[in-house]
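1. I would like the atomic coordinates for the input below:
(chains A, B and C)
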Amino acid sequence: MRFRLTPQDGAFFDLLATSAGHLVRGADLLVRMLGADRTQRVQLAEKLHQVEHDADESTRDFLSRLNQTFVTPFDRDDMHALANGIDDCMDAIDEAGDLMVLYKVGVLPTGVADLVAVLRRCAELTAEAMPRLRSMTDLREYWVEVDRLERRADRAYRRLVADLFDHEEDPITIIKVKGVLDALEEAADAFERLANGVEAIALKES
Amino acid sequence: MRFRLTPQDGAFFDLLATSAGHLVRGADLLVRMLGADRTQRVQLAEKLHQVEHDADESTRDFLSRLNQTFVTPFDRDDMHALANGIDDCMDAIDEAGDLMVLYKVGVLPTGVADLVAVLRRCAELTAEAMPRLRSMTDLREYWVEVDRLERRADRAYRRLVADLFDHEEDPITIIKVKGVLDALEEAADAFERLANGVEAIALKES
Amino acid sequence: MRFRLTPQDGAFFDLLATSAGHLVRGADLLVRMLGADRTQRVQLAEKLHQVEHDADESTRDFLSRLNQTFVTPFDRDDMHALANGIDDCMDAIDEAGDLMVLYKVGVLPTGVADLVAVLRRCAELTAEAMPRLRSMTDLREYWVEVDRLERRADRAYRRLVADLFDHEEDPITIIKVKGVLDALEEAADAFERLANGVEAIALKES
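-> This is a model prediction of the structure:
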């Protein structure tokens, strides 16, 4: 059964903001994992799984509400794409943390901190932008900035892999560290895809 | 020339079910490739190419019919995305089989069977779901289950790569086996994207 | 402020054709990079960055015009997806060139020329197709051909990686060359996704 109740619209954006808030918590844990030893990393990765689990619940709440509501703030499939886009960012962050532990990578090159800082900032910008979807205002700076950050992540990623080839002689270490770097770079891509999705919705609805 | 002929609608879903049936045949061949020796693998990969070729023909039939029909069961671009989504799953399965042969990977870790079993089950669920698109009923269990399976595939994949690093010392073998595992995991992702697409259509059309 | 001015529609397709023209310039530079020594490659990669920068400006012009126009030739979000699709192709070409330099790969296997020739042809077909979006005619041959070329790229890619495993003994060289091949294959995928997007629009609008 679906019911028409416009004041409820706000709840959609609150749920999206909650989901996006989990992204900030997840990115914070990634930042802490970088400087941690193996035992701490295992614990932090556990916490990251919990955050990912919480984010999943938010997504399910959102989709269930979407399914029960007759009039949605904007196209139902766009709402769905937004929730999935946030989910993709969370999965990518969780994967990066997981690989750090599973691959037992040890100390990562210092430059990785830049890459993770970009993810942290992307998460923050995303969480701040979600409530603005309600009024469809002031979103432009969000997607322009995420786009800029993704480019920065991309450059940092390529430079890090090039340095790895220049300074690391053990091929298995190269494969492992490159695997973690790939996961971090894919997380930045996920944020960019989400921001592109928001841009497309804003273009359509404005 | 396009003609309006509602009873024809069923044919679209029959063609999608046929395409998805090829996915089941393809996944079956992957299962058999795991336990096979090199000579058998080469033969099974040949059969898999044939299945992929058949799936391609189904897709072309579907798209050609889509192009000739004026009234489609639901949005033309969603129908197109479905056909492409099935095609992506088939390509990913075919690629995984191809890499097993091209990379000459030999005996794969036993855990790979779990990953391929997940793909087999995803293919089956997809083939069963396609006819239900006609009435847009009972689809929820399909996408929820594929989502769950993709998570299982993801966990199995990461565990397998971690085990590979723990037990394999030859970097080139690691690269090859990881390449096959990557392809299998990407196939699971393709099934999840397809299921997400079906969910988006169901949300929009319901 | 948005204004209704139908004759302006042509400008959208001109801008898309300009963007796609940058893809041809970019692919040309990739072709030249293959036969070049390290010093020349560094210079050509610089030129490629410049082309990528120019393409970015075209995309921004396009999106800014899209934002200011009330009546667009077809759905606003489809126009947006087209611009992003061209941008993805450009980024992938730029990344492939960048990795050749950053990974210091030296002489690449001769078969790589086939892969790059496919990208060159895809870029050309894309640039030729963009103006035809205006009338939505004669587009079918474009997406059918890009689809065919992507398959050829895929086969060439897998064969090249298999040959690399057969003939190269140094794991780090394998990782580097495979990284460049992956980037080239992803560029072919980007062209196919763009062609699929055009097909979806043509289906919807026709």
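
2. The helix or strand hosting residue A:197 vs helix B:171-205, what angle?
-> Counting by DSSP states H and E, the secondary-structure element that holds residue A:197 is helix A:171-205. Note on geometry: by axes from the mean of the first three to the mean of the last three C-alpha atoms, to 10 degrees, helix A:171-205 and helix B:171-205 are set 20 degrees apart in direction.

3. Go ahead and flag the most central residue of chain A.
-> With distances taken as C-alpha atoms, centre = their mean, the residue of chain A nearest its centroid is residue A:89 (3.0 Å).

4. ok now do that residue, which residues does it touch?
-> Taking C-beta atoms under 8 Å, 6 or more residues apart in numbering or on different chains as the definition of contact, the neighbours of residue A:89 are A:23, A:122-123, A:126, A:187, A:190-191, A:194. Where C-beta positions appear, they are placed from N, C-alpha and C, glycine not excepted.

5. okay if I get these as a markdown table plus neighbour count and distance to residue A:157?
-> A markdown table is the format used below for these (neighbours: other C-beta atoms under 10 Å in any protein chain shown; distance: C-beta to C-beta, whole Å):
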| residue | neighbour count | distance to residue A:157 |
| --- | --- | --- |
| A:23 | 31 | 19 |
| A:122 | 28 | 14 |
| A:123 | 26 | 17 |
| A:126 | 26 | 20 |
| A:187 | 31 | 11 |
| A:190 | 23 | 14 |
| A:191 | 29 | 14 |
| A:194 | 26 | 18 |
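
6. Distance check, the residue lying closest to residue A:189 once chain neighbours are set aside against residue A:190.
-> If the residues on either side of it in the chain are set aside, residue A:189 comes closest to residue A:150, at 6.8 Å by C-beta to C-beta, 6 or more residues apart in numbering or on different chains. From residue A:150 over to residue A:190 the distance is 10 Å, taken as C-beta to C-beta, to the nearest Å.

7. Residue A:156 too?
-> The separation that residue A:156 has from residue A:190, given C-beta to C-beta, amounts to 16 Å.

8. hmm, back to that, pick out whichever of the contacts of residue A:89 sits closest to residue B:49.
-> residue A:190 (32.6 Å; C-beta to C-beta).

9. what sits against that closest one?
-> Residues touching residue A:190, when contacts are defined by C-beta under 8 Å, 6+ apart, comprise A:85, A:88-89, A:91-92.

10. Within range of chain B, give me the residues from chain A.
-> Proximity of chain A to chain B, by C-beta under 8 Å from any C-beta of the partner chain, involves residues A:66-67, A:75-77, A:80-81, A:84, A:95, A:98-99, A:102-104, A:171-172, A:175-176, A:179.

11. Near chain C, list only the ones from those residues.
-> A:171, A:175.

12. filter the residues of chain A next to chain B to the buried ones?
-> Buried positions within those, assessed by neighbour count (16 or more other C-beta atoms under 10 Å in any protein chain shown), are A:66, A:75-77, A:80-81, A:84, A:95, A:98-99, A:102-103, A:171-172, A:175-176, A:179.

13. Which members of those residues occur in helices, if any?
-> Residues from these lying in helices, with DSSP state H as the criterion: A:66, A:76-77, A:80-81, A:84, A:95, A:98-99, A:102, A:171-172, A:175-176, A:179.

14. now, which of those sits nearest residue C:55?
-> Proximity of these to residue C:55 (C-beta to C-beta) peaks at residue A:81, which lies at 25.7 Å.

15. Spit out the contact partners of that closest one.
-> With C-beta under 8 Å, 6+ apart, residue A:81 has these contacts: A:197, B:200.
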